[in-house]
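**Q** Structure, please.
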Amino acid sequence: MADRKIFGINNTYSIHYSHDSLNSEEFSIIALEEDDMPPQYFFFSEYLTQLTDRNEIWGKGLFLLNLYNGAVNINLVNHDWDSQVSFTRLTNWVTHENLTPLNTVDILPINPFPSNPVTDNVKKAKLKNAHFITYSTFLSKSEKDVQSLLLLSGNKLNWITLYAIYDTLKFYSQDFDALTTKCGYTKNDIKAFTGTANNFGLLGINSRHGELGWGIPTNTMNIQDAKKLILNMSKNYIMSK
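**A** The predicted model follows:
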């Protein structure tokens, strides 16, 4: 039997918030405490146990971590901080061998899940009342829409990323206007979001577009309200499944 691989992760508020309630078969987070020292947190997944290539383990771990960060960000929709948990090292849990690749910067996320998985509807019904992280990451294995929303939401939540999430919601929603209304927003709110995100004169290099000669829109939105709008709609969409 292969040894479990574990990632050391940076100690952030989102870890304190989520690790006690996190019970996911896709990945887990554990805390180890010694004396009066701050706890050390470790991230692992059974999807990585049988792997031997360090770059592959790191890449597939990144994919899972991205799902985690995205689920936390969506679940904590009304908080003013983003989950930015990252890996610090990779270790063999049994032998304590350091498996961290020499160059982790150029390793891209790799989907660790089997191709064409089918959703277990019995388990889905049970998990829907569980923690949002557990439910959403379970769905992400087999439902492309949820996977895309979590992966995007696990990135830095700037205007470009938020607009990509907005595009994804519009693409997958059967009735985007109904989703907007259900979340307590109006078409004017959506217009304020898109008008701000697309306007180079307003956002400069943070804009989704370059200079197009557009004037400054009268109806605008700040980045915190934009995050709340997009993440709230994402959470409602996922929980409606």
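**Q** separation between the residue nearest the centre of the chain and Ser140?
**A** Central residue of the chain (C-alpha atoms, centre = their mean): Gly70, 1.4 Å from the mean position. Using C-beta to C-beta, to the nearest Å, we find Gly70 at a distance of 9 Å from Ser140. Yep, even glycine has a C-beta here, placed from its N, CA and C like the rest.
**Q** Return every residue with contacts to both of these two.
**A** Common neighbours of Gly70 and Ser140, counting by C-beta atoms under 8 Å, 6 or more residues apart in numbering, are Leu150.
**Q** neighbours of the closest residue in space to Tyr47 that isn't next to it in sequence, just the number please.
**A** Leaving out its chain neighbours, the residue that sits closest to Tyr47 by C-beta to C-beta, 6 or more residues apart in numbering is Pro112, at 4.2 Å. Pro112 has 22 neighbours, counted by other C-beta atoms under 10 Å.
**Q** Was I right to think Pro112 contacts Asn66?
**A** No: using C-beta atoms under 8 Å, Pro112 is not in contact with Asn66; the gap is 11.3 Å.
**Q** can you tell me the helix or strand for Ile6?
**A** Ile6 is located in strand 5-9, with elements delineated by DSSP states H and E.
**Q** Name every strand pairing with that strand and say which way it goes.
**A** Taking DSSP bridges as the criterion, strand 5-9 sits next to strand 40-44 (antiparallel), strand 87-92 (antiparallel) in its sheet.
**Q** winner for burial among those strands?
**A** strand 40-44 (a mean of 20; mean count of other C-beta atoms under 10 Å).
**Q** average pLDDT across it?
**A** Averaged across strand 40-44, pLDDT comes to 87.
**Q** quick one: Ser240 from Lys182, how far?
**A** 8 Å.
**Q** The two: which has the busier surroundings?
**A** Legend: neighbour count by other C-beta under 10 Å for Ser240 and Lys182, higher for Lys182 (14 against 10).
**Q** what's the pLDDT at the residue lying farthest from the centre of the chain?
**A** Distance from the centre of the chain peaks at Gly213, with 34.4 Å (C-alpha atoms, centre = their mean). The model reports Gly213 with a pLDDT of 72.
**Q** Glu25: what's it in contact with?
**A** By C-beta under 8 Å, 6+ apart, the neighbours of Glu25 are Glu46, Phe138.
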